[in-house]
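J.: coords please:
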Amino acid sequence: MTRLTGLLSAAALVAMGVLGDRVVGPALSNPSATAASATRPAAVTAATTGTALDAATEHAFAVASPSVVYIKNVGVGSGSGVIYDPSGDIVTNAHVIANAHALRVTLSNGKTYTARIVGADTADDLAVIRINASGLPAARFAASGTYQVAQTVLAIGSPLGFQQTVTSGLISALNRTVQEPNGAYLPNAIQTSAPINPGNSGGALVTLDGTVVGIPTLEASDPESRGTAQGIGFAVPSSRVTYIAHQIIATGRVEHTGRAFLGVGATDAASVQAAPFAFGNGGPTVEGALVQNVAPGSPADQAGVQQGDVITAANGRTITGEDDLLVALARGKPGQSLTLTLNRNGSTLTAHVHLGELPASQ
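T.: Numbering: from 1, shown residues only. So this is what the prediction gives:
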């Protein structure tokens, strides 16, 4: 379906590689060997570093892969999942199990089970399914702040149905805000260069100690070629995964999203040419997010935002359309204050909003 802190430092990897290849011992006991090695230190270092990195990568896959499963959404498509606990709970993307009539899960050992949906959260594109099994190899999920940009990661999953596939790359960036094809915005996403392909969704993005740092969710699209962009994929961070999965397992639903809520439906003002209800008869189009509706009693309603207002800035940052507004909300937190600059029939107004909590999608 369309729609990832190593324990070893670079110095430690080099040291392990040299010792493992027995370069140090002979060089110390044989002066001629020492002299010879001095003429090609770069080649030796590159070889030993590569050997150690291979060993670390293989170790990470061995640790993490038993926790990654293949999910067949019968008659719809397929994807991946990660064993969340030993008693049969598996976390995946909500879009992997969307429109499901029957779900089948295949473990890394080849055993297949029928699964049922425990709950889903489309706003975060996360879901939990359950199989009737016990003693499963549950994954270890990383805490926030334990991984960093430029760290090596592996993506493990079933791209195009090829089960237990591993690809490698880096954590390219943190705290990205990305939009999915269903319109959902994912805050704090991990950007990775590890290849993410259809079927990787719901799998694992892991560091070299085998710890899951994210759930691969989508690949970026190239607006020029209209295809996928190479080496740009995104994952839901592990802290968000555990926050949502814990609630679904406990109650079958998400009780608290922890995400900001404004309470308006908006579109790009520039796409609405001289809308009479927004700007009067034939007035100029204003760039921003055009408010199409305001939920009664919502934070926006309480702050005096009205249908037809154009939001042109949030906390001083320019809003050029609906996307900018959604990104601003994705970066916000319930309880925070948000100052909106509004254009109302050509007049500039200010609204001070006390953000609420986004209701959970069921």
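
J.: all helices for the stretch 1-150 of the chain, in order.
T.: Remark: helices assigned in the stretch 1-150 of the chain by DSSP state H, counting those that start in this stretch are 10-20, 24-29, 31-38, 41-64.

J.: quick check: which element contains Asp323?
T.: helix 322-331 (DSSP states H and E).

J.: check which helices and strands that helix sits against.
T.: Packing partners of helix 322-331 (3 or more Cβ pairs under 8 Å, 6 or more residues apart in numbering; DSSP states H and E): strand 165-179, strand 185-192, strand 260-261, strand 264-268, strand 289-294, strand 310-314, strand 317-318. In short, each C-beta sits where N, CA and C put it, glycine included.

J.: switch the cut-off to 7 Å
T.: Secondary-structure packing of helix 322-331 (3 or more Cβ pairs under 7 Å, 6 or more residues apart in numbering; DSSP states H and E): strand 165-179, strand 185-192, strand 264-268, strand 289-294, strand 310-314.

J.: mind listing residues that contact it?
T.: 177, 185, 187, 260, 262, 266-268, 289, 311, 314, 317, 319 (Cβ atoms under 7 Å, 6 or more residues apart in numbering).

J.: which helices and strands does the helix or strand just after that helix pack with?
T.: As assigned by DSSP H and E, the chain's next helix or strand after helix 322-331 is strand 337-344. With contacts taken as 3+ Cβ pairs under 7 Å, 6+ apart, strand 337-344 sits against strand 310-314, strand 347-354.

J.: touching strand 337-344 from outside, list them.
T.: Strand 337-344 is contacted from outside by 286, 288, 305-306, 309-315, 332, 348-355, using Cβ under 7 Å, 6+ apart.

J.: 6 Å - rerun?
T.: With contacts defined as Cβ atoms under 6 Å, 6 or more residues apart in numbering, strand 337-344 is touched by 286, 309-315, 349, 351-355.

J.: quickly list the domain ranges of this protein.
T.: Using automatic domain parsing, the domain ranges for the chain come out as 1-252, 260-357.

J.: ranking those by burial, who's on top?
T.: domain 1-252 (a mean of 19; mean count of other Cβ atoms under 10 Å).

J.: tabulate the CA atom coordinates of stretch 203-216 in CSV.
T.: Presented in CSV, the C-alpha positions along stretch 203-216 are these (Å, rounded to 0.1, in the frame of the first residue of the first chain):
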residue,chain,number,x,y,z
GLY,A,203,7.1,-1.5,9.7
ALA,A,204,10.1,-0.5,11.7
LEU,A,205,12.7,2.2,11.4
VAL,A,206,15.5,1.1,13.8
THR,A,207,18.9,2.2,15.0
LEU,A,208,22.0,0.0,15.1
ASP,A,209,21.1,-1.4,18.5
GLY,A,210,17.8,-2.7,17.1
THR,A,211,15.6,-0.1,18.8
VAL,A,212,12.6,1.2,16.9
VAL,A,213,12.7,5.0,16.5
GLY,A,214,9.7,5.2,14.1
ILE,A,215,7.0,3.6,12.0
PRO,A,216,7.6,4.3,8.3
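
J.: what's in contact with that stretch?
T.: The contact list for stretch 203-216 (Cβ under 6 Å, 6+ apart) reads 4, 6-7, 56, 60, 63-64, 68, 80, 82, 139-142, 147, 152-157, 190, 196, 200, 235-238, 241.

J.: which ones among those residues lie within strands?
T.: 68, 80, 82, 152-157, 190, 235-237 (DSSP state E).

J.: format these as TSV; extra columns: distance to Ser134 and pLDDT.
T.: TSV is the format used below for the ones in strands among the contacts of stretch 203-216 (distance: Cβ to Cβ, whole Å; pLDDT from 0 to 100):
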residue	distance to Ser134	pLDDT
Val68	18	98
Ser80	21	98
Val82	17	98
Thr152	33	97
Val153	30	98
Leu154	27	98
Ala155	28	98
Ile156	23	98
Gly157	24	98
Ile190	31	97
Ala235	28	97
Val236	27	97
Pro237	28	97
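
J.: looking at those, which is nearest Gln336?
T.: Pro237 (19.9 Å; Cβ to Cβ).

J.: which residues does the closest one bridge with?
T.: Counting by DSSP bridges, Pro237 forms beta bridges with Gly214.

J.: how about it, what does it touch?
T.: For Pro237, the contacting residues are Asn188, Ile190, Gly214, by Cβ under 6 Å, 6+ apart.

J.: coming back round to it: could you dump the helices and strands packed on strand 337-344 to CSV with distance to Leu170 and mean pLDDT?
T.: Shown next, in CSV, are the helices and strands packed on strand 337-344 (distance: least, Cβ to Cβ, whole Å; pLDDT from 0 to 100):
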stretch, distance to Leu170, mean pLDDT
strand 310-314, 32, 96
strand 347-354, 38, 96
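
J.: can you put these in CSV and add distance to Ile97?
T.: As requested, the helices and strands packed on strand 337-344 are exported to CSV (distance: least, Cβ to Cβ, whole Å):
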stretch, distance to Ile97
strand 310-314, 34
strand 347-354, 35
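
J.: how about low-confidence regions in the stretch 201-350 of the chain?
T.: Counting by pLDDT under 70, the ranges of the stretch 201-350 of the chain that qualify are 221-228, 273-284.
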